[in-house]
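Asker: when you get a sec, could you give me coordinates for this:
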Amino acid sequence: MRSGGLWKRRAGLLAAVAALLLANLAFFLWYRSTSLARAASLEARRAALAADVDGRVAEAATLTAQKDRLSGVSQAIEEFYGRRVRARRQSLAPVVEEIHAVLKGAGVAPAQISYATAPLTDPPVVEMRVSFAFKGDYARLKQLLAAFESNRRWIVVREIGLVRDPEVPGAVNVQVKLVTYFAADEAAPRASLSGSAQ
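Answerer: Residues are numbered from 1 along each chain as shown. Okay, the predicted model is just below:
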């Protein structure tokens, strides 16, 4: 009888231990499954944050490139308006003088040079078109073009026309059109002037 009571007490204790073990096992399994779910969720969040960081880094690089490009455009505008293009009243005579100096340096002496100005709205500048013709050879034409291309003023070769001279071998009749710009500091009406080269 004593041994039956002992087993009864041991059975109750064993049942309590077994219940505790089962509760611990259930808790362990639950915690493990939720830990795996949390780890997967954290890993997904980490990947999303990494992708977001990469996107923001790429966006920052794009913005930096755009800033650099805009800075370059701003410098080009500053160069164009601040150094190359001056008000017409201040720089018309120097530009004409410069064109004559380039022509003289290249050994070109056109009989007549035409100048025509017209205001533009976009960008707001005054355009001056210059045209002249001369007889020469290809070497002289190349020398003239190189002189205008390397000139410190904003004088652009807009158009060139060549006709071979049948009377002189290797000679050509050249028609050149140049363009330059002035700051639009006044409402300039369409004007035209022409004169003989000196």
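
Asker: relative to the one helix or strand residue 130 maps to, what are the paired strands and their orientations?
Answerer: Using DSSP states H and E, residue 130 sits in strand 125-137. Applying DSSP bridges to the sheet, strand 125-137 is found paired with strand 112-119 (antiparallel), strand 171-183 (antiparallel).

Asker: tell me the SS of the residue nearest the centre of the chain?
Answerer: Residue closest to the mean C-alpha point of the chain, counted by C-alpha atoms, centre = their mean, is residue 69 at 4.0 Å. Going by DSSP: H, G, I helix; E, B strand; the rest coil, the secondary structure assigned to residue 69 is helix.

Asker: tell me how far it lies from residue 63.
Answerer: Distance, residue 69 to residue 63, using C-beta to C-beta, to the nearest Å: 11 Å. No exception for glycine: its C-beta is placed from N, CA and C like everyone else's.

Asker: quick one: residue 161 is in a strand?
Answerer: Yes - judged by three-state DSSP, residue 161 forms part of a strand.

Asker: residues contacting it?
Answerer: For residue 161, the contact set (C-beta atoms under 8 Å, 6 or more residues apart in numbering) comprises 174-176.

Asker: measure residue 126 to residue 112 for me?
Answerer: 22 Å.

Asker: repeat for residue 159
Answerer: With C-beta to C-beta as the criterion, residue 159 and residue 112 are 17 Å apart.

Asker: deepest in the core, which of the strands paired with strand 125-137 is it.
Answerer: Using mean count of other C-beta atoms under 10 Å, the stretch among the strands paired with strand 125-137 with the largest mean neighbour count is strand 171-183, at a mean of 19.

Asker: and that strand, how far out from the chain middle?
Answerer: Strand 171-183 has its average C-alpha position 29 Å from the chain's average C-alpha position, going by C-alpha atoms, centre = their mean, to the nearest Å.

Asker: now swap in stretch 104-116 and tell me
Answerer: 37 Å.

Asker: ends of it, how far apart?
Answerer: End-to-end distance of stretch 104-116 (C-alpha to C-alpha, to the nearest Å): 21 Å.

Asker: mind giving me the domain ranges of this structure?
Answerer: 1-84, 88-196 (automatic domain parsing).

Asker: in a markdown table: the ones you listed, plus mean pLDDT.
Answerer: Shown next, in a markdown table, are these (pLDDT from 0 to 100):
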| stretch | mean pLDDT |
| --- | --- |
| domain 1-84 | 78 |
| domain 88-196 | 81 |
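
Asker: comparing the ones you listed, which comes out most buried?
Answerer: domain 88-196 (a mean of 15).
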